[in-house]
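1. Fold the following, please.
(one chain, ligands or ions: 2)
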Amino acid sequence: MKALTPKFPKMLHGGDYNPDQWLRSPEILKQDIELLKKADINSVSIGIFAWAKLEPQEGVYDFDWLEEIIDNLYKNGIYSVLATPSGAKPLWMSEKYEEIRRVSKNGVRDLSGARHNHCYTSPVYREKVQEMNHRLAERFANHPGVILWHLSNEYGGECYCPLCQAAFRDWLKAKYKTLDALNHAWWTDFWSHTYTDWEQIRAPMPHGETCVHGLTLDWKRFVTHQTLDFMKMERDTVKAVNPDIPVTANLMGFYDGLNYFKFGPELDVVSWDNYPLWHTMDNKTVAVLSGLTHDVMRSVKHENFLLMESTPSNTNWHAYCMLKRPGMHLLSSLQAVAHGSNSVQYFQFRKSRGSSEKFHGAVVDHVGNSGPYDFVKTENTRVYKDVQSVGAALRQMNEGGDVYSTEVKAQVALVYDVENRWALEGAAGPTNLDKKYVETLVRHYVPFWEKGVQVDIVDSESDISGYKLVLAPMLYMYRDGFPQKLRAFVENGGTLIGTYWSGIVDDTDLCILGGTPGGMMDVFGIWNEETDCLPEGMKNGILTGGKHYDAVDLCARIHPITAEVLGTYETDFYAGEAALTKNVYGKGEAYYIAARTGEDFLRDFYGDKMQALGITGALNTDLPEGVTAHERVGENSRIVFVENYNDTEKTVGLGREYKLYGTGQTVKSIKLPAFGVAVLSDFTKM
Ligand code: GLA
Ligand code: ZN
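-> Ligands and ions are numbered 1, 2, ... in the order given. Purely as a prediction, here's the structure:
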């Protein structure tokens, strides 16, 4: 198992620390050290938005304050995750160099302000960032306290400036070589949109071309390419000074502006920022989405990751900024660990005094330790105590030494392909409301979550050969090479699940001719002739195994070729036709679910598959509703996290004896309080 931060190979506890906002108050900085230590914080992310303090005027650098802080932290046993400050450009720079400011979709260039809005093509910005990163690395990359580079902050967004558009055209030239090839791939004969000169190609903008789906798709691919190119430039400048300090970039889960799977191979460590809507809706729903998103992030590199940001209490940007109820902070923090995180980190350590994040939850609230009453202080706040409870749990894991080197091993893979998402969501039809791709992924994930089964996420470029079960719902676009992988997977004994609206288009969003699912009709043993779209409130039904299930939204009319019909539609003109099929292909099986169903169907269907394939959860028992369990396994250990997302106490039978982590206590069943979590260890080798 690779150490994510080899210089300090421990579970990290900490988060964004912005002392640059407090340089006028040395007493606060002093207090910070005490408060960091008392919360068992062992690492902070520093300098993320500090460019204006690091280079107050063009060419005038001041790193002394930062060095003093990093030194002082290190002396106190706290390591630094050092950021490159490119996420927010200093005002003097954006005023002087217009080209570094983005042009938005409407063609208007931004004024100075906000953040995460630099042009990622601008040679001026790239040069400035390179210079800054190089100097930071020269000064700090060999500092004993610096363990990881935090590249920029939450890369994202798009720029439509002339430089980006020219780079897009170059990218297209490299991809298609000739305009003729591009015109074919984008099907531009439609509406006479044929390009006769490369210069005629512009990014899709609302007052311009938005009907050529291939263009829209390639633009999104280009945005990923160009952002990644910028990220590599940042990475290479810091690595040139000391290649041994790993780099990470904090990603944003299901954010759809970038294909994160392309980032995996370029980053040493994946990290991400998680802000679930705890308590504002049913917490099981929130937990499922949060758990799935952790899995997506882990799967970007298929190894442990870091939770780079989370809030210790509430955010200030959700519609309802609810406080975490007692227990939820520890539970949500250990949820991340259960899914493969080797850290729990926050935005942010000390709450800003002014500006737009002054009400965002933080470890240290405005109360600080400076009021007229002794008892009005940080240590007495509920949030700080919650943070201390996470600190204590992670300290215990670090003392145990075993959790860090355990990881998630999954037998089930769920296909989430970002390019498929772009193409599917960008197409007109078969519904022009929400196509519900991510919601569909969630629905297919729920039955596994409920049973405590770990799931990996794969995309079309992943290796799927090692799994027992691959779920590929709504795989509208069969990217080059992927149907072949799916075929080989089934041939070699795997079980594949496909659904309606799959295998419709190829890599360039051209419809596959000759029948769908394109190139996979023999594997699924069916022909998907057409797809019906039912308005909200209307439904069909599927009858299978004597049971009825609702079919909603999208219902495909399919015809078995070699497949066995397991379920049929109940009503409408396709009543009695196949709605669920199974095909034996090679040594494996391929199932086709022709319509969108509720969770009830998927629970029963996947329950059967898990049983047939011998896929069991972390605990081999029935878990109460709203309770799940996840395991991480290592050479000689197995750690099980049991999570109760209910606001009531639940008793969970464990089916056998476990040790409560960090204590000698042996248990066969546990009582979890509302929002309670237990960590169990098991030293029998898997
Ligand atoms: C993001 C950013 C942080 C902060 C938080 C607030 O994740 O990276 O700088 O703004 O949101 O939730
Ligand atoms: Zn630009």
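2. Going by C-alpha atoms from here, please, whenever you check contacts or count neighbours.
-> OK.
3. List the buried residues of the strand or helix carrying His559.
-> Using DSSP states H and E, His559 sits within strand 547-560. Buried residues in strand 547-560, defined by neighbour count with 16 or more other CA atoms under 10 Å: 548-560.
4. same check, this time on stretch 532-547
-> 533-534, 539-544.
5. Equivalent analysis for stretch 267-283, please.
-> Buried residues in stretch 267-283, counted by 16+ other CA under 10 Å: 267-279, 283.
6. Compute the first-to-last residue distance for that stretch.
-> 32 Å (CA to CA, to the nearest Å).
7. do that stretch and ligand 1 meet?
-> Yes. Applying CA under 6 Å from any ligand atom, one finds stretch 267-283 touching ligand 1 at Asp273.
8. about what we covered before: can you convert the buried residues of stretch 267-283 into CSV and add a column each for distance to Lys609 and pLDDT?
-> CSV is the format used below for these (distance: CA to CA, whole Å; pLDDT from 0 to 100):
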residue, distance to Lys609, pLDDT
Leu267, 35, 98
Asp268, 36, 98
Val269, 34, 98
Val270, 32, 98
Ser271, 33, 99
Trp272, 32, 99
Asp273, 33, 98
Asn274, 31, 98
Tyr275, 33, 98
Pro276, 30, 98
Leu277, 31, 98
Trp278, 31, 98
His279, 32, 98
Asn283, 27, 98
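9. which one of those residues sits closest to Ala362?
-> Distances from Ala362 to the buried residues of stretch 267-283, taken as CA to CA, are shortest for Tyr275 (13.0 Å).
10. OK, contacts around the closest one?
-> Contacts here follow CA atoms under 8 Å, 6 or more residues apart in numbering; on that basis Tyr275 touches 310-311, 315.
11. Skipping adjacent residues, who's closest to the residue in the stretch 301-450 of the chain that ligand 2 sits nearest to in space?
-> Relative to ligand 2, the nearest point of the stretch 301-450 of the chain is Trp422 (21.3 Å; CA to the ion). Leaving aside its chain neighbours, Trp422 sits nearest to Leu217 (6.6 Å; criterion: CA to CA, 6 or more residues apart in numbering).
12. For that neighbour, the count of nearby residues, please.
-> Per other CA atoms under 10 Å, the neighbour tally for Leu217 reads 23.
13. list the buried ones in the strand or helix carrying it?
-> Applying DSSP H and E as the criterion places Leu217 in helix 213-241. Within helix 213-241, the residues that count as buried by 16+ other CA under 10 Å are 213-228, 230-231, 233-239, 241.
14. give the contact list for Met397.
-> Per CA under 8 Å, 6+ apart, neighbours of Met397: 11, 403-404, 662.
15. The same query, at a cut-off of 7 Å, please.
-> Residues in contact with Met397 (CA atoms under 7 Å, 6 or more residues apart in numbering) are Val403.
16. Correct me if wrong, but it is in a helix.
-> Yes. Under DSSP: H, G, I helix; E, B strand; the rest coil, Met397 sits within a helix.
17. that older thread, keep only those of the buried residues of strand 547-560 that are also close to ligand 1.
-> Okay, of these, nothing touches ligand 1 (CA under 6 Å from any ligand atom).
18. Which single one of these is nearest to Arg603?
-> Tyr549 (11.3 Å).
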